[in-house]
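Undergrad: need the 3D shape of this:
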Amino acid sequence: MVSQFGLLLRRFRQEARLTLEELSAASGVSARAISDMERGASRGPQRRTVQALVEALELDDGQRTALTGAAKAGRPRPTGPIPGSCELPRAVGDFTGRAAQLRLLRRLAGQAGTPAATVATISGTGGIGKSALAVHAAGHLADLFPDGRYFLDLRGMDAAPLHPAMALSRLLKALGVPEKGIPGDEEERAGHYRALMRKRRCLIVLDNVAHESQVRPLLPPDGAAMIIVTSRRTLAGLEGVRQIPLAPLSGEETVDLLRAIVGEERTGPDPAGLTRLARLSGNLPLAVRIVGNRLQSRPGWTPSQLAGRLDDEERRLEALAAGDLAVAAAFALSYQQLSATARLVFRRLALAAAPDFGVPLSAVLGELEPEEAEDALEELVELGLLQSPYVARYRFHDLVTTSETETVARVIRQLAELPER
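TA: Numbering: from 1, shown residues only. The predicted model follows:
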């Protein structure tokens with residue numbers, strides 16, 4: 001059934017002698033979205049969309065009032081999230097740093113719906129703090145998204161990541177669609193999801209994405225929503241997204257995070273020990289949190305005493321574990337995603353006592369053609385197991401660089417439970 005808004009929009013467009021495509025070009029609203037409105041598939045578009053249409057159609061005051069009133073009447077009252085469905089996880093109370101990224105995310109949030117939805121991709125190695133940043137940002141952007149904030153883990157590091165059809169089902173349920181109203185066909189689910197997102201000013205965090213094809217159906221093309229994606233991969237194949245790569249914390253930020261975790265009373269008397277701990281953690285937020293938790297759980301230890309235990313490079317990666325947090329396990333998850341060629345190159349490079357290296361050495365060690373070696377190195381960078389500080393030069397992360405080079409390959413093999421090659 002065509003809505004009152006759809007009838008008015010079609011009448012005003014025809015009176016202006018504009019085609020769908022001409023109105024789309026004049027307003028910035030997609031022709032598909034305008035067609036959905038006229039057919040009644042979209043009954044209550046967002047205010048910004050209506051304003052763009054009003055200006056493009058050059059409506060008088062009476063027509064403007066009629067169209068905006070019909071849009072308001074057709075706009076359903078936003079349905080809040082179903083309890084327990086795609087709710088944001090608990091934010092980290094002692095979150096520290098990332099001020100520039102938070103400012104950028106707020107600026108991008110303000111641009112949502114002009115006219116496209118905003119999509120930001122946060123990428124970086126395991127343990128760099130991607131999820132923590134996304135959740136922290138979602139908490140601080142609540143004022144800009146009155147229709148709700150949602151979180152979905154796509155389990156990108158699992159053997160079987162979450163399928164897009166299942167992800168769509170969970171998001172539709174969170175957006176208030178009853179179980180029986182969720183289409184069985186994946187394409188129909190995606191269409192229903194897009195139609196809903198055009199009407200909602202909400203924020204969705206899609207965490208732990210495996211690859212572009214997994215997340216592409218979950219990115220609405222228009223509307224006032226914002227999507228924050230996190231992944232160990234850069235997801236360079238996604239179109240029209242803002243890339244936010246994360247680097248390790250600065251030394252000052254690392255010290256501040258340790259103080260926030262442990263408390264000034266424990267850290268204040270030993271600033272030198274605190275600085276050593278920051279350096280030994282490689283400024284990796286996961287490692288910093290593990291160090292802070294270990295120190296907090298041992299009231300008799302000073303920062304310098306814990307730093308002394310971590311000075312042994314051969315065992316440092318294994319020692320950075322507390323409860324179910326482990327730095328080596330984070331690296332191992334990335335290792336499991338590698339191709340057989342990249343695994344081979346990684347293990348052989350781990351045995352080469354070189355501060356950095358390039359394609360020629362990698363090709364010799366891996367017994368590969370230069371092109372194959374370069375592809376393997378880029379794959380290792382993509383998953384955060386290598387860093388590329390300069391063009392065509394590569395090195396291990398500080399936490400997997402040891403004086404005993406066999407440690408890197410041994411720890412990764414043990415935690416990944418992969419056989420020797």
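
Undergrad: return the residues in contact with T49.
TA: 29, 33, 113, 115, 198 (C-beta atoms under 8 Å, 6 or more residues apart in numbering). (Glycine included, C-beta is placed from N, CA and C.)

Undergrad: what of G358?
TA: So G358 contacts 392-394 (C-beta under 8 Å, 6+ apart).

Undergrad: filter those residues down to the buried ones.
TA: Neighbour counting with 16 or more other C-beta atoms under 10 Å marks Y394 as buried within those.

Undergrad: want to throw the contacts of G358 into a markdown table with pLDDT, secondary structure and distance to G129?
TA: Shown next, in a markdown table, are the contacts of G358 (pLDDT from 0 to 100; DSSP: H, G, I helix; E, B strand; the rest coil; distance: C-beta to C-beta, whole Å):
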| residue | pLDDT | secondary structure | distance to G129 |
| --- | --- | --- | --- |
| A392 | 82 | coil | 28 |
| R393 | 88 | strand | 25 |
| Y394 | 88 | strand | 23 |
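
Undergrad: still on that earlier bit, farthest-separated two in the contacts of T49?
TA: A33 and G113 (11.7 Å; C-beta to C-beta).

Undergrad: okay, and the common contacts of those two?
TA: 49, 222.

Undergrad: quick one: the strands in the chain?
TA: Secondary structure of the chain (DSSP state E): strands at 118-123, 149-153, 203-207, 226-231, 242-245, 321-322, 325-326, 386-390, 393-396.

Undergrad: just name the most buried of those strands.
TA: strand 226-231 (a mean of 26; mean count of other C-beta atoms under 10 Å).

Undergrad: how far is that strand from where the chain is centred?
TA: With C-alpha atoms, centre = their mean, to the nearest Å as the basis, strand 226-231 stands 4 Å off its chain's centre.

Undergrad: thinking again about what came up before, more neighbours, A33 and G113?
TA: A33 (24 against 19; other C-beta atoms under 10 Å).

Undergrad: and for the more buried one, nearest residue in space, chain neighbours not counted?
TA: Leaving aside its sequence neighbours, A33 sits nearest to D222 (C-beta to C-beta, 6 or more residues apart in numbering; 5.8 Å).

Undergrad: pretty sure the one you found is touching R198, no?
TA: Yes: the pair D222 / R198 is scored as a contact, 6.1 Å apart, by C-beta atoms under 8 Å.

Undergrad: which one's more surrounded, the two?
TA: R198 (27 against 21).

Undergrad: related to what we said a few turns ago, how about the strands of the chain in CSV, adding distance to A354?
TA: Shown next, in CSV, are the strands of the chain (distance: least, C-beta to C-beta, whole Å):
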stretch, distance to A354
strand 118-123, 27
strand 149-153, 38
strand 203-207, 35
strand 226-231, 29
strand 242-245, 25
strand 321-322, 28
strand 325-326, 27
strand 386-390, 12
strand 393-396, 8
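
Undergrad: quick one: which of those is nearest A278?
TA: Per C-beta to C-beta, nearest to A278 of those: strand 321-322, 16.5 Å.

Undergrad: OK, contacts around A307?
TA: 273, 276-277, 280.

Undergrad: run the last query once more with 10 Å
TA: 270, 272-281, 291, 295, 301 (C-beta atoms under 10 Å, 6 or more residues apart in numbering).

Undergrad: for the closest residue to A142 other than its chain neighbours, give the beta-bridge partners.
TA: Closest residue to A142 apart from its sequence neighbours, by C-beta to C-beta, 6+ apart: R149 at 6.5 Å. Counting by DSSP bridges, R149 is bridged to L203.

Undergrad: for R149, give its distance to R11.
TA: 38 Å (C-beta to C-beta, to the nearest Å).

Undergrad: and if you look at L196?
TA: L196 is 26 Å from R11, by C-beta to C-beta.

Undergrad: so the two - more neighbours on which side?
TA: L196 (22 against 14).

Undergrad: show me where the stretch 151-300 of the chain has helices.
TA: Remark: helices assigned in the stretch 151-300 of the chain by DSSP state H, counting those that start in this stretch are 164-174, 186-199, 212-215, 251-262, 264-267, 271-280, 285-296.

Undergrad: most packed of those?
TA: Using mean count of other C-beta under 10 Å, the stretch among the helices of the stretch 151-300 of the chain with the largest mean neighbour count is helix 285-296, at a mean of 24.

Undergrad: quick one: low-confidence ranges for the chain?
TA: 1-3, 42-44, 75-84, 312-330, 353, 397-421 (pLDDT under 70).

Undergrad: next, give phi and psi for the residue nearest to A33.
TA: phi -150, psi 180 (degrees, to the nearest 10).

Undergrad: ok so, going back, now render the contacts of T49 as TSV, adding distance to G237.
TA: Formatted as TSV, those follow (distance: C-beta to C-beta, whole Å):
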residue	distance to G237
V29	26
A33	25
G113	24
P115	23
R198	24
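
Undergrad: any idea how this protein splits into domains?
TA: Split into domains by automatic domain parsing, the chain comes to 4-74, 99-245, 251-311, 329-416.

Undergrad: cheers, nothing more for now.
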